[in-house]
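A.B. asks: have a look at this prediction, sequence included:
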Amino acid sequence: MGVRKIDYRLCSGCGICVEHCPMDVFRMDEKTKKPVIKYLRDCQSCFLCEIDCPEQAMYVTPDREMRVPLPW
Ligand code: SF4
Ligand code: SF4
């Protein structure tokens, strides 16, 4: 459900997903400097992280299709 995986071979560690996720699902791992899926249960499958990732490293499934009211 929700955000499925991060392909660390593609991920550059830019942090865009961490900044853009409206549900605050990710945390930046201080050691690897890459994001980790920390609060999967909060993911609402809004696809923002997948759409905004410049490296196409993020994979989201539409299992939880609740629409989140976005502030933009
Ligand atoms: S937006 Fe993509 S490339 Fe950037 S940290 Fe997140 S998964 Fe990695
Ligand atoms: S799909 Fe949306 S809610 Fe889920 S991790 Fe990505 S940006 Fe966050």
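C.D. replies: Cool, got the structure. Ligands and ions are numbered 1, 2, ... in the order given.
A.B. asks: how about the residue most central in space within the chain: what's its closest non-neighbour residue?
C.D. replies: Residue closest to the mean C-alpha point of the chain, counted by CA atoms, centre = their mean, is C49 at 4.2 Å. The shortest distance from C49 to any non-neighbouring residue, by CB to CB, 6 or more residues apart in numbering, is to C17 (4.1 Å). For every residue, glycine as well, the C-beta is placed using N, CA and C.
A.B. asks: list the contacts of the one you found.
C.D. replies: 6, 26, 35, 49, 52-53, 58 (CB atoms under 8 Å, 6 or more residues apart in numbering).
A.B. asks: may I ask which helix or strand encompasses it?
C.D. replies: helix 16-20 (DSSP states H and E).
A.B. asks: need the residues of this structure near ligand 1, please.
C.D. replies: Residues of the chain lying close to ligand 1 (CB under 6 Å from any ligand atom) are 6, 11-17, 35, 53, 55, 57-58.
A.B. asks: in strands, which of those fall?
C.D. replies: Per DSSP state E, strands hold the following members of the residues of the chain next to ligand 1: 6, 35, 58.
A.B. asks: for the last one, which residues are in contact?
C.D. replies: So that's M58. Contacts of M58 (CB under 8 Å, 6+ apart): 3, 6-7, 17, 49-50.
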